[in-house]
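Q: structure of the sequence below:
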Amino acid sequence: MGIDPGVANTGFGVVRVAGSRMTAIDGGTVEIPSDIPAEQRLLRIHDSICELIEWHEPHSLALESIYFGRNVRSAIGVGQARGVVMLAAASRDIPCFDYTPQAVKLAVCGTGGAAKDQVKHMVGVLLSLPVEPPSDHAADALAVAVCHASHARAEQAAEAAVAG
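A: Residues are numbered from 1 along each chain as shown. Just a heads-up that it's a prediction; the model follows:
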């Protein structure tokens, strides 16, 4: 399961890996109204992620790491959203993994400087989606899931080579 955390919009994406093939199982955005208190927004994110975890039973959860840029206030909100997502995963003993936006773009598009529309397009191509993901948040979350699945496969191959 991949997560693009945010206080107003948290993207989620679930992929299944079978051999060298990845398939999208689910993806979307948890949208939280801006007119409710911050603690209630975080509770809704937590509860939504708990429901998704219960429904999909992922083996792992990958998150896009915080990009600070210029807006520290935004980064703090993303950090809070990441915290409640990680709590939801930890409460079910699901390991969490972190990927920078550049690593996700590199895994999906072949370049760490890819634009949002490139990521959205390549997620659709890599997962053989009939249409592109419904939002940038869902596309980013699916991209994080693809990135993690690619890294996990590479690690498994390396472990097998060392063991064999």
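Q: contacts and neighbour counts: CA atoms only from here.
A: Noted.
Q: nearest spatial neighbour of residue 137, chain-adjacent residues omitted?
A: In space, and not counting its chain neighbours, residue 137 is closest to residue 11: 4.4 Å by CA to CA, 6 or more residues apart in numbering.
Q: what strand or helix carries that neighbour?
A: Using DSSP states H and E, residue 11 sits in strand 9-18.
Q: now that strand: buried residues?
A: For strand 9-18, burial by neighbour count (16 or more other CA atoms under 10 Å) applies to 9-16.
Q: got a list of contacts for that strand?
A: Contacts with strand 9-18, where a contact means CA atoms under 8 Å, 6 or more residues apart in numbering, come from 1-5, 22-32, 45, 56, 58, 81, 137-143, 145-146, 149.
Q: after it, which helix or strand is next? Please name it.
A: Taking DSSP H and E as the definition, the helix or strand right after strand 9-18 is strand 21-31.
Q: burial count for residue 62?
A: Residues within reach of residue 62, counting by other CA atoms under 10 Å, total 25.
Q: the chain: strands as residue ranges?
A: Per DSSP state E, the chain carries strands over the ranges 2-4, 9-18, 21-31, 61-64, 96-99.
Q: look up the closest residue to residue 32, ignoring the ones flanking it.
A: residue 8 (5.0 Å).
Q: quick check: phi and psi on that neighbour?
A: Dihedral pair for residue 8: phi -90, psi -40, per degrees, to the nearest 10.
Q: so it makes contact with residue 29?
A: No: between residue 8 and residue 29 there is no contact, the gap being 9.7 Å when judged by CA atoms under 8 Å.
Q: who has more neighbours out of the two?
A: Taking other CA under 10 Å, residue 8 and residue 29 do not tie; residue 29 has more neighbours (22 against 19).
Q: and the more buried one, bridged to which residues?
A: residue 11 (DSSP bridges).
Q: and it, what does it touch?
A: By CA under 8 Å, 6+ apart, the neighbours of residue 29 are 9-12, 135, 137-138.
Q: per-residue confidence for it?
A: Note on residue 29: pLDDT of 96.
Q: again with residue 73
A: 76.
Q: that one: neighbouring residues, count only.
A: For residue 73, using other CA under 10 Å, the count is 10.
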